[in-house]
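Peer 1: Have a look; sequence and predicted model below, questions after that.
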Amino acid sequence: MIATFDRVNAGEAPAQPGKMCRTDWSRGWSGVAAVAAALVAAIGAEALAQPNFGLQQRATVLEHATLIKTDGGTMDDAMIVIRGEVIEHVGPAIEVQGRATRIDCKGGYVTCGLIDVYSALGMTATRSGSPINRAFDAFDRYDTDSFREAFRNGVTMMYLPATGSSGIVGTGAVVRLAPGESGGWAGEAVKDEAALCIDLGSGDAALRRLATLESLRRQFKDARTYRESLETYEDDLKEYEQKIKERAEKEAKEGDKSKEGEKGKPAPAEDKKEGGKPGEGDKKDEKKDEIAKPKKPSPDPSADVVLKAIDREMKVRILADRSSDILNAIEFSTEFNLDAIIEGGSEAYLVADQLADAKIPVVLGSMMGSGLHRNDQYRRQLDRSAAVLTDAGVKWVVGSGVNDGLSSRFVLLNAQMVAANVSDVDPLRMVTRDAAEFLGVGDRFGRLAPRRAADVVVWSGDPLAAGSRVERVYVDGKLVYRDSGSAGGSEGGEQ
Amino acid sequence: MNWMRRTLLACCGALALGIGTGTAAAQNRIAISAPWGVGPDGSLMKDVTVVIADGRIERVLQGPAEVKVDKTYRFESGVICPGLIDVASTLGVVGNNVERKTSLEPDVSVVDALDAYSSVLLDAGRAGVTAAMIAPASTGIVSGTCATVRTFAPPGVDRVLRGDGPLAVTLGPGSWDDELGPSSRAGVLQELRSVLRKAKSEGGASRLARVARGELDVLVAAESDEDVDAATQLFGQYGVAPIIRHTADLVETASELAENGGVVVVGPYTFASDVRLLAGPASLGRAGCEVAFSGGLPYLEADALRLTAALAVRYGLDPAAARRGLTINAAAVAGLGNRVGALTPGSDADLVVFSQDPLRLDARVLEVWVGGKRVHKAEPAAASDDADAWKAW
């Protein structure tokens, strides 16, 4: 009984090595009620705080950990208290109220969960793109092998673009690997329809890319035309109703005059189809026919999505690697006044000034893949491109890129590769705080702070040092990964 | 300012005119000191000073040391590391390292295919890869000898460190060919056995005869554990412990290879590599095997060598073992263990100063020294005039 309770509250399910825990959380909750009375007696009154069933949830206390401060310094012997789904305390050791599971993190570091701003984790590419395609619908919530790899590398949240075709591909989502209630699966859309995804097909032949751009323009223009036709319809409808009303009033007046009271009812505004009695109202029917009811344009869900982008209610992420495509993207987003972001951007550094002028940020993907021999859209990829972008005043962030379904696992290593060539950037911060803020979820994620979501990673040493391992991962306050501890030596903090 | 053009000019200058920025006259003694250095065992040593004379490492001092030298290059931060060596590389020989007339081409020397003016050599050099053991393509059973070449070769320093070995042998499907030779595993082994027996009985200086006498080392590319077993047994009869180049995970044969005592070549790994593959080096390490890394240069970028090692560490390989895999073990595979790959007295002074532990991917190359001469000095990160540099291109 108590064991069940422990699992529920502290998330300390004895995770099998290298496996996601498959605790049945919902079943566990039923045990709470049963043991509540006993616990009230056992714990005492001070443990009874207000949230959750009137009983304070068991806390998870990570003790003697090293924290990395925002200025890059560290704080030793710190304590992190997780209660329920949120972080309750971060800082020096305190007295923890109520029952708690204590975990000694001596020698280890604690960070928030890493966030990948550009991922394909658990994703299957769509073959044909459409604005109504949603990346989250293509996300495999049972792809636990991929999740385990992400956790093994401290990654708990990612932005997933819709991928797979050129042109408008669909909408992207911010997904957090929170365990499902019944166990065995994970994935919560923190933000669905996070961005409209456009692929300019940098890998396609030149003329094909122009055709893609052309069809893109047409789709956006069609969306505008659709809106205009809707607006015209609204106007016409108003006009129509006005006319009907006027005619009815006129008829009523005429009716009054001719004293044929029963025929003087105002004509029903809703429809023209029903004529009066045959023969009698021939003339009037003709008149009715003159006032045609405007036809409502048929609904266009694709255009509705595109209009959100046009109205800047949704960001537009444009996948473009070649400089020519990036210039096209800048022109396109200026033309439609879009809140645009360049994704990929292998050659973004070549057009950094133009990007800076247009205030368009860049999401960099994998720094690997250009090779020393290559002749495609990655051939001019530059290891120092982030430095050039920085100098030009272009805002950039770094993700893992959409190489494969496992991509997210190496987002920190990729950020480190970027950081090697830019002074004064902190790779860890890039994939936590900066990433969360870029994705618009910085109020809940990306930092270890009280009241923020309990997505927490315990490392065996400095996360940036060679040989440091991820020992534990909590998402939504629940333990989702625990290292078997058999791996090789750690040299965390050596440097 | 154009850093890249400048660097190229500097390198060309160094190559053509012998004006390396830090060139020390032959009789001069210089010292390079940094807060950290990579020891021969792959661990990080504190406060390291390397004394260089005549292009060779004369002494390596640990701790605060005052040495009497003509000039000291002191780094306030950074790690002195032996120059990295990419094994089973195709740097400078891409598309030119295949000879396929028969399934047995022991007399091919891949060094003959080297394009010493290829820019990829300099690209690799600037990333801290000072040497590459280039290998003939893994087609045919015996495809020729590997060679180890320097990426930077300033005047007075040899380009080719070794031109005649090890001999490259391929087992498994890569060596099967319906037209030119055996088309099955059994056929390949039979052929290899018979040519080695014949070479031994005939004697002489042919490469196969030298292998049969245990005089020439062998690099065997094998993808499956059974081929690894077969190679070990077959060459074992001639007293040769083959170096295994393995592209799969090697979990099953790890302990047997450890008994054999050789170094296993693994990699390249990328961000897209399979989990089982990435865990291979760690399982080899646990079994007591040494590994050396192949970075897949130049099909992958120069940093892919360090990335390969970093990924192996991420999946459990001991960091010190990984550093050995980039340096001393790679030199051993190339048969150059006494000459390069370690900060030890007598070795050639081919070394790299990294800003941090070379296994950290945020580490940058600060300087590269080859044969006691400075051949590359990095620009500071994100110099503010760099944006203009790109406009000029």
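Peer 2: Nice, thanks for sending it over.
Peer 1: As a check, name the ranges of all helices in the stretch 151-300 of chain B.
Peer 2: Taking DSSP state H, counting those that start in this stretch, the helices of the stretch 151-300 of chain B run over residues B:185-202, B:207-212, B:225-236, B:254-260, B:275-278, B:280-286.
Peer 1: what's the answer for the stretch 51-200 of chain A, then?
Peer 2: Applying DSSP H, counting those that start in this stretch to the stretch 51-200 of chain A gives helices spanning A:135-138, A:144-152.
Peer 1: likewise the stretch 201-350 of chain A?
Peer 2: According to DSSP H, counting those that start in this stretch, the helices that the stretch 201-350 of chain A contains are A:206-258, A:282-290, A:301-310, A:323-335.
Peer 1: what's the average pLDDT for the longest one?
Peer 2: Helix A:206-258 shows a mean pLDDT of 91 in the predicted model.
Peer 1: counting contacts, what elements does it pack onto?
Peer 2: Applying 3 or more C-beta pairs under 8 Å, 6 or more residues apart in numbering or on different chains; DSSP states H and E, one finds that helix A:206-258 contacts strand A:167-179, helix A:301-310, helix A:323-335. Just so you know, the C-beta spots here come from the backbone N, C-alpha and C atoms, and that holds for glycine as well.
Peer 1: Go through the ones you listed and name the closest to A:G108.
Peer 2: strand A:167-179 (21.1 Å; C-beta to C-beta).
Peer 1: Low-confidence bits of the chain, can you list those?
Peer 2: Just so you know, I chose chain A. Along chain A, segments meeting pLDDT under 70 span A:1-55, A:124-127, A:258-289, A:369-376, A:403-406, A:485-495.
Peer 1: meant chain B, my bad for not saying
Peer 2: Looking at chain B by pLDDT under 70, you get B:1-27, B:247, B:249-251, B:381-393.
Peer 1: What residues does the spatially most central residue of chain A make contact with?
Peer 2: Note on chain A: the residue nearest the mean C-alpha position is A:V174, at 1.7 Å, using C-alpha atoms, centre = their mean. By C-beta atoms under 8 Å, 6 or more residues apart in numbering or on different chains, the contact set of A:V174 is A:157-160, A:189-191, A:194, A:439-441.
Peer 1: Show me the beta-bridge partners of it.
Peer 2: A:Y159, A:K191 (DSSP bridges).
Peer 1: Mean neighbour count, the helices and strands packed on helix A:206-258: which tops it?
Peer 2: Of all the helices and strands packed on helix A:206-258, strand A:167-179 carries the top mean neighbour count, a mean of 25, counting by mean count of other C-beta atoms under 10 Å in any protein chain shown.
Peer 1: quick one: that one to helix A:301-310, angle?
Peer 2: 80 degrees (axes from the mean of the first three to the mean of the last three C-alpha atoms, to 10 degrees).
Peer 1: burial measure for A:S182, as a count.
Peer 2: Other residues near A:S182 number 12, with proximity taken as other C-beta atoms under 10 Å in any protein chain shown.
Peer 1: My error: substitute B:D357 in the last question.
Peer 2: Neighbours of B:D357 (other C-beta under 10 Å): 25.
Peer 1: My understanding was that it contacts A:L464; is that so?
Peer 2: No: B:D357 is beyond contact range of A:L464, at 9.6 Å (criterion: C-beta atoms under 8 Å).
Peer 1: circling back to that earlier point, any chance of the helices of the stretch 51-200 of chain A in a markdown table, with distance to chain B too?
Peer 2: Listed next are the helices of the stretch 51-200 of chain A as a markdown table, based on distance: least, C-beta to the nearest C-beta, whole Å:
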| stretch | distance to chain B |
| --- | --- |
| helix A:135-138 | 19 |
| helix A:144-152 | 6 |
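Peer 1: for those, which one ends up most surrounded?
Peer 2: Of all the helices of the stretch 51-200 of chain A, helix A:144-152 carries the top mean neighbour count, a mean of 23, counting by mean count of other C-beta under 10 Å.
Peer 1: Tell me what angle that one forms with strand A:167-179.
Peer 2: 70 degrees.
Peer 1: tell me what helix A:144-152 is packed against?
Peer 2: For helix A:144-152, the elements it packs on are strand A:167-179, strand A:470-475, strand A:478-482, judged by 3+ C-beta pairs under 8 Å, 6+ apart.
Peer 1: before we move on, the earlier item: and the gap between the residue nearest to the centre of chain A and A:G440?
Peer 2: Per C-beta to C-beta, to the nearest Å, A:V174 is found 8 Å from A:G440.
Peer 1: Can you check which residues contact both of those two?
Peer 2: Residues touching both A:V174 and A:G440 by C-beta under 8 Å, 6+ apart: A:191, A:194.
Peer 1: in what helix or strand does the closest residue to chain A within the stretch 101-250 of chain B lie?
Peer 2: In the stretch 101-250 of chain B, no residue comes nearer to chain A than B:V120, which is 4.5 Å away by C-beta to the nearest C-beta. Using DSSP states H and E, B:V120 maps to helix B:119-126.
Peer 1: List the buried residues of that helix.
Peer 2: B:120-126 (16 or more other C-beta atoms under 10 Å in any protein chain shown).
Peer 1: I'd like those laid out as a markdown table, including distance to A:L213.
Peer 2: Below are these laid out as a markdown table (distance: C-beta to C-beta, whole Å):
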| residue | distance to A:L213 |
| --- | --- |
| B:V120 | 34 |
| B:L121 | 40 |
| B:L122 | 38 |
| B:D123 | 34 |
| B:A124 | 38 |
| B:G125 | 41 |
| B:R126 | 37 |
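Peer 1: if we can go back for a sec, dump the helices of the stretch 151-300 of chain B into JSON lines; add distance to A:M79 and mean neighbour count as well.
Peer 2: As requested, those are exported to JSON lines (distance: least, C-beta to C-beta, whole Å; neighbours: other C-beta atoms under 10 Å in any protein chain shown):
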{"stretch": "helix B:185-202", "distance to A:M79": "60", "mean neighbour count": "16"}
{"stretch": "helix B:207-212", "distance to A:M79": "63", "mean neighbour count": "22"}
{"stretch": "helix B:225-236", "distance to A:M79": "48", "mean neighbour count": "19"}
{"stretch": "helix B:254-260", "distance to A:M79": "41", "mean neighbour count": "17"}
{"stretch": "helix B:275-278", "distance to A:M79": "34", "mean neighbour count": "18"}
{"stretch": "helix B:280-286", "distance to A:M79": "32", "mean neighbour count": "25"}
